Each structure stands twice: as structure tokens, then as C-alpha cells.
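>>> predicted model and sequence follow; I will ask about them next.
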Amino acid sequence: MEKYRKNEKGFSLIELLVVMVILGLLAAIVGPAVVGHLNPSEKKAAKVQIGMLETALESYRLNVGKYPTVQEGLAALRAKPAGARRWNGPYLRKDIPKDPWGNGYIYIYPGEHGDYDIVSYGADGQQGGEDDNEDVVSWKNPSG
């Protein structure tokens, strides 16, 4: 057996515990700030998706001569609705996206704020709200 040498380098249990406590405190302080930066990215993603839907709706209107009815909805961008003679779609490469919170976009035609309105009800999935629950809407979207 080797004798314990005082010159050997290493960490004591107390030193390791002190470092772990410091790391825990940093995580508790910094963690909420990081989570606060994640939610705006969901709103930005919703705005980008709404912009993509607006572009597809404009292409649809140019071909068909009008926007889809509420009954046809955004599905008209992927599949030809009955009576759309000059439909030249699909106008989206993939299926109609869900908003970043997993809910469908609300399509209103004619719109109250423009030719049409597209709405995501935010994290809570209900109209209105603040912060994460705030609605993301086409009429406040920079692209539209």
C-alpha cells in the first residue's frame, strides 16, 4: 500500500460540493432568463409561418381570382376546392403548418383588418392574452 502523500493534487469533497452549489445558483439565476428568450422565437416562427401563408394566399388569388372561402379554408392552398377552375396549386410544398404551439391557424375571410385575417391564439390557444399567450395576427405581421 502506498502512503498518503500531501503533495498529490486533487479536490476534496468539500471543494466539489462548493463548486456544485455555485453551479446550482448560477443555473437558478440564468435559467429563467434563457427560457425568457425561447418564447419570442416561437412568436417569430408564427409570424414567419403567417407570412408564408399570406404569400400562398396571394398566389391562389392571382390564379383563381379570389381568396378561399372560410369553408374552403387554408386547405385550399394544398388541394383544389370544388369550383376553383383556374387553381394551379398546390401553393404550399408541405401540409398546412400548425402554429409553434401545435394549434391550427384561424383563417377569416373576409377579414376584419384586411382582405383576410390569419390568427394564432398563442401558447394558451385562446383568443387574447399577454406575453406567451398573446395572439399573433396577420395584420400586425411585418410581411403583411
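In hand now; what should we look at? Numbers count the residues shown, from 1 in each chain.
>>> low-confidence ranges in this protein?
1-8, 32-39, 141-144 (pLDDT under 70).
>>> make it 90
Low-confidence segments of the chain (pLDDT under 90): 1-44, 83-85, 89, 122-134, 139-144.
>>> where do the helices sit along it?
Counting by DSSP state H, one finds helices in the chain at the ranges 13-64.
>>> report the beta-bridge partners for residue 117.
On the basis of DSSP bridges, residue 117 is bridged to residue 108.
>>> distance check, it against residue 83.
As judged by Cβ to Cβ, to the nearest Å, residue 117 and residue 83 stand 23 Å apart. Where C-beta positions appear, they are placed from N, C-alpha and C, glycine not excepted.
>>> so which of these two has more stuff around it?
residue 117 (18 against 9; other Cβ atoms under 10 Å).
>>> is it correct that that one is in contact with residue 135?
No. Using Cβ atoms under 8 Å, residue 117 is not in contact with residue 135, being 10.5 Å away.
>>> run a quick neighbour tally on residue 27.
Around residue 27 there are 11 residues (other Cβ under 10 Å).
>>> wait, residue 60
Using other Cβ under 10 Å: residue 60 sits among 26 other residues.
>>> can you check residue 40 too?
11.
>>> likewise residue 72?
20.
>>> ok, now how distant is residue 108 from residue 73?
Taken as Cβ to Cβ, the span from residue 108 to residue 73 is 10 Å.
>>> for residue 56, what are its contacts?
77, 91-92 (Cβ atoms under 8 Å, 6 or more residues apart in numbering).
>>> brain fart, residue 88
Taking Cβ under 8 Å, 6+ apart, one finds residue 63 in contact with residue 88.
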